[in-house]
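Chemist: Generate a structure from the sequence data that follows.
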Amino acid sequence: MSADGSTTDINGLLNDTESDLTGLSHVDAPNDANYMICGVVIAMALVGLIIVLLALTIK
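Modeler: You can find the predicted model right below:
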């Protein structure tokens, strides 16, 4: 068992441009703006829920 053969095999696997992951290039990473907008919407919903609960409690 030679070290050169196994190193060549590993490098061949690492440098394989026809792997399954190349098909995912059209999938973009989520944008930070999406997280900000979702965070604001969730925060607004929680504040609205707290206001409604306080109104019902005071009533």
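Chemist: Mean confidence (pLDDT) on the lengthiest helix in the chain, please.
Modeler: Assignment by DSSP state H gives helix 32-58 as the longest helix of the chain. Taken as a whole, helix 32-58 has a mean pLDDT of 95.
Chemist: Show me what counts as buried in that helix.
Modeler: Within helix 32-58, no residue is scored as buried using 16 or more other C-beta atoms under 10 Å. All C-beta atoms are positioned from the backbone trio N, CA, C, and that covers glycine.
Chemist: Run through the neighbouring helices and strands of it.
Modeler: Applying 3 or more C-beta pairs under 8 Å, 6 or more residues apart in numbering; DSSP states H and E, one finds that helix 32-58 makes contact with no other helix or strand.
Chemist: Quick check: pLDDT value at residue 9.
Modeler: For residue 9, the predicted pLDDT is 66.
Chemist: what does the one 10 residues further on give?
Modeler: Residue-level confidence at residue 19 comes out at 55, pLDDT.
Chemist: Check the one 4 residues further on too.
Modeler: Looking at residue 23, its pLDDT is 59.
Chemist: now residue 13
Modeler: For residue 13, the predicted pLDDT is 62.
Chemist: cool, and residue 3?
Modeler: Reported pLDDT for residue 3: 52.
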